[in-house]
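K.L.:
model the following, please.
(2 chains, ligands or ions: 3)
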Amino acid sequence: MLTAEVIQELSAVVGAKHVMDSAEDLIIYSNDATMFHSRPEAVVQPGNRDEVVQIVKIAGRHNLPVTCRGAGTCLSGGPIPLKGGIVLEMTRMNRILKVDAVNKVAVVEPGVITFSLASAANQVGLLYPPDPSSMKESTLGGNISECAGGPKGVKYGITRNFVLGVEAVLADGTIVKTGNEVDGDMAGPDWTMLFTGSEGTLGVIVSITLRLVPIPPVKKTLMAVYDRLEDAAKTVSVTMASGIIPTTLEIMDNLSIVSVENYLKIGLPVQAGGLLLIEVDGVQSTVEEDADHVSEICKKCGASEVKMAQNAAEAEELWLARRSINPAFGQVAPCKFAEDATVPRSLVPVLVGRVLEVQKKYDVPIFICGHAGDGNMHPTIMFDKRNKDQKERAEKALHDVHIITLELGGTLSGEHGIGFAKAPYLRAETGEIGYKLGQEIKRSVDPHGLLNPGKIFFYEGVLH
Amino acid sequence: MNNQGRRRFIEQEIVKCSRCGTCRSICPVFLAENNENTTARSKNRLMEAVLEDDIELTPGVQKRFEKCLLCKACKAHCGSGVATDKVIMEGRAAAVERNGLSPMKKLAFTGLRYRKLFDLGLRTGALFQSLIFKKLPEGRGRVPRILLPGAGLNQRRIIPDMTANPLRVRLPKFIKARTAAGKGRVLFFTGCMLNYMYPESGEAVVGILTENGWDVVIPEKQCCCGTPAFTSGDVETGRFLAEQNIKAIRAEDYDHIVTACASCGAALKYEYEHVLGDSPLLKTWQGISTHVFDISQFVLRHCDLTKLGNLPIRVTYHDPCHLVRGMNVSAEPREILKAIPGLEFMEMKDASRCCGAGGSFSAVYYELSRKINDKKLDNIEDTGMDYLVTGCSSCRMHITDGLTQRKSAVEVLHTAEVIQMAYEAGRKEGKHVNS
Ligand SMILES: Cc1cc2nc3c(=O)[nH]c(=O)nc-3n(C[C@H](O)[C@H](O)[C@H](O)COP(=O)(O)OP(=O)(O)OC[C@H]3O[C@@H](n4cnc5c(N)ncnc54)[C@H](O)[C@@H]3O)c2cc1C
Ligand code: SF4
Ligand code: SF4
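P.N.:
Ligands and ions are numbered 1, 2, ... in the order given. As a prediction, this is how the structure comes out:
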């Protein structure tokens, strides 16, 4: 129980203004971008690392769970305080400490908005490639903790590929520094990776060292239109096998195309079964060549039309459809399960086919879009949560999508994390031993289960 | 709308909120405060909790609903199209029903409901304004000592001198076109701010219209459009005022209705639908609303741009929320400004971002609204232009206040004033408007 005495202790650390415990605040901080919620007992906003240390120690003394929170845009329930206790909102710690153009390294506090860092890097001619669609809202702390991906993941990789080191406060209040500013650091196992994707269960990240890359001088954008979605999916695996690595390879199915067209009226091919949005970047000579090559592959795989943007404005036009998927979906049904089922690239066509079956089986609209290039698909199941029957069918469809993904040797999460939303299926993915190992690691770092309890390996519901 | 209808409306909106957090990156209040508390999604979430009986409509909830400029930026950017602005207004209305209005607002809105009393009050106020306002040196305006209805005044705010001679007193009810061939009749809805604080802008509107061959009628019985009342949750006063205005307009002969205040325009054209609810005047309003134009829209469609004379001034333009997102007017003023010979126009960064005025918001949260305004002022000053042009008196007052406090040389003009100046220049150049 969080008593008035604890509130006083916390206030003494961060100032009363940064401790919130009114019912209104607790409701506001009870959820993320999923449909679940669970109230904390207090919200605390630390301003620096030392305050984090003190808060964690206070929480430990009173046996109160601590759940970190960035922008609360998580799609798997990560920042939801399942067991109450303290929500530790990290957004006050939002300074970009360093952008080192020579060594191509940035050091930031966890509350920095991804877009702010990307802009700062841009100003010195560098690129921070991880670009989750939520990059204007989400924090780097949240990105690291979820190991966020994005459209550029095909070529550059996801957040994991850009984290060089972190500084984290452990459950007992001690501070650990992993990695450093050297790209080729191989002193022992990759501790940094242990924290990347740990979803706030292993430590509170208070500082992050990130790798930056040069901005490629040119890029070219194409859109390929297909009669059959399966052909679009096939193009993905053929392209990747060809040796060309596009920057982005985004897929949209007929449902997505039609709903975006209904929403925007920009003349999208509503008859098409699917389309691909492809971007290649690099130096002038290879980009031209790659773009032509990709265009040929598209045609060979059955594209009925390939559009190539001639300038930035035309490229922006092609991107508009992809960017408008979210608002367009909103016109179809008010609620959605936005999934990130990910399979080996070669199996993207199979996944697509199976998801289409699920859609028929439960009679719920499922939109298929996503970062097809790295196998990271976003089957999005639409429903109205006020309609009980519809919601149940949507939940069943979701279950099937998880199972299919696993059957195909894929992963439950290509980028959104496990949290507790996908935790029931985790053992099926890791196996018994992997699951146990996960628990052991957590126990050795956080023996009392102080940090974000009830998540990932410590989910208490039924496991599949 | 009855209670059932209101509830259904709110439910329908909030079920769409996916809590994606996109509103974090655009809500001016959130960007100033960096507190989840102030986002649109939190307000939707709180409303949901209220409907689910998870929490009562406490003063705490009410306070959170108050912390919103109703700038509609969240709605414009929301992927799910949640009308959070309406949800908040409903929330405020319900909270007012339960907890009542603050005494200050109660006083102000009672004034609004009694137009004559309000009119008299303000005019006496002007006569005796030296008693009420502290005059600032160098004619910089005055700092109010009392609170005025609707304008959202604060003890520290600098406002223009109140006029002893409001627009509707200066001008006759009916003004004939300057040219012989009258094109038709335009009903001019003046609104409070133009009437009492910026009558020159109102005169400019009339000048533009008559210059272009339109007769103008200014209905005597029009009153405050009601925006300050219904946005504060005082539904009763809001509806009373809306009905007054509809009756006043209905009684006149007109071809078009012109407004020169973003909030009045948005209210008359769109917001009244929500305000009127099940009022018997809803149908009448529907007939009226299609005739409403902002002055910039009207100029572009029905006035002669070739008669604009040389006006060598350097300007940037601020989009008032209720024009750009309330009335979908943003291209028109720019097109006109660019059509004025000799005028240099430069776009500022984030021109459509709220200036922080937000009606009574700036009265209750003056410091916060100044902070939001500071961003706007930076962007204005960064353009290096001499004038800021805008189409809303409330923005004008708030921005002028800020510019004055930071001793900036930039001056603020209403779009209509700039147009009128250009027509005057045109007349001197011999470009008479005859058609
Ligand atoms: C519209 C939308 C689009 C999205 N698009 C993408 C996408 O393209 N790719 C993608 O990968 N994801 C996407 N997401 C999911 C989400 O944005 C990401 O998971 C993001 O990284 C979460 O960041 P956040 O700052 O919101 O973190 P939160 O949601 O607040 O927290 C996420 C997790 O990180 C932990 N955490 C946060 N800060 C810290 C810290 N300092 N130390 C330790 N743990 C911490 C929390 O405990 C929680 O478990 C999207 C979400 C939405 C709503
Ligand atoms: S942008 Fe819209 S859907 Fe997203 S959280 Fe805000 S109000 Fe909800
Ligand atoms: S209307 Fe404006 S101030 Fe209010 S919540 Fe939306 S974006 Fe924020």
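
K.L.:
is the helix or strand bottoming out on mean pLDDT in chain A positioned near ligand 2?
P.N.:
Lowest by mean pLDDT, DSSP states H and E among the helices and strands of chain A is helix A:325-330, with a mean of 79. No. For helix A:325-330, no contact with ligand 2 is found by CB under 6 Å from any ligand atom; the gap never falls below 7.6 Å. In short, each C-beta sits where N, CA and C put it, glycine included.

K.L.:
and the stretch 301-435 of chain B, which residues reach chain A?
P.N.:
Residues of the stretch 301-435 of chain B that fall close to chain A, judged by CB under 8 Å from any CB of the partner chain: none.

K.L.:
residue in the stretch 301-435 of chain B with the shortest distance to chain A?
P.N.:
Proximity of the stretch 301-435 of chain B to chain A (CB to the nearest CB) peaks at B:Lys349, 13.3 Å away.

K.L.:
you'd agree that residue is up against B:Asn379?
P.N.:
Yes. Counting by CB atoms under 8 Å, B:Lys349 does reach B:Asn379; the two are 4.6 Å apart.

K.L.:
surely B:Asp319 meets B:Ser352?
P.N.:
Yes. With contact defined as CB under 8 Å, B:Asp319 and B:Ser352 form a contacting pair (4.0 Å).

K.L.:
A:Gln439 falls within a helix, correct?
P.N.:
Yes. Counting by DSSP: H, G, I helix; E, B strand; the rest coil, A:Gln439 is located in a helix.

K.L.:
quick check: it vs ligand 3, distance?
P.N.:
42 Å (CB to the nearest ligand atom, to the nearest Å).

K.L.:
next one: that residue from A:Gly84, what distance?
P.N.:
In this view, A:Gln439 and A:Gly84 are 22 Å apart by CB to CB, to the nearest Å.

K.L.:
who has more neighbours out of the two?
P.N.:
Taking other CB atoms under 10 Å in any protein chain shown, A:Gln439 and A:Gly84 do not tie; A:Gly84 has more neighbours (19 against 13).

K.L.:
follow-up on the earlier one: tell me which other helices or strands the least confident helix or strand of chain A touches.
P.N.:
With contacts taken as 3 or more CB pairs under 8 Å, 6 or more residues apart in numbering or on different chains; DSSP states H and E, helix A:325-330 sits against helix A:254-264, strand A:366-371.

K.L.:
6 Å instead, please
P.N.:
helix A:254-264 (3 or more CB pairs under 6 Å, 6 or more residues apart in numbering or on different chains; DSSP states H and E).

K.L.:
do the helix it packs on and chain B meet at all?
P.N.:
No. Taking CB under 6 Å from any CB of the partner chain as the criterion, helix A:254-264 and chain B are apart, separated by no less than 9.5 Å.

K.L.:
alpha carbons of that helix, as CSV, please.
P.N.:
Extracted in CSV, the C-alpha atoms of helix A:254-264 (Å, rounded to 0.1, in the frame of the first residue of the first chain):
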residue,chain,number,x,y,z
ASN,A,254,-7.1,-4.7,-50.9
LEU,A,255,-9.0,-3.8,-47.8
SER,A,256,-6.3,-1.3,-46.9
ILE,A,257,-6.2,0.2,-50.4
VAL,A,258,-10.0,0.6,-50.5
SER,A,259,-10.3,2.2,-47.1
VAL,A,260,-7.4,4.6,-47.8
GLU,A,261,-9.0,5.5,-51.1
ASN,A,262,-12.4,6.0,-49.5
TYR,A,263,-10.7,8.3,-47.0
LEU,A,264,-8.4,10.3,-49.2
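
K.L.:
and the contacts of it?
P.N.:
A:Leu268, A:Val270, A:Ala272, A:Gly273, A:Ala321, A:Ser324, A:Ile325, A:Ala328, A:Gln331, A:Val332, A:Phe367, A:Cys369 (CB atoms under 6 Å, 6 or more residues apart in numbering or on different chains).
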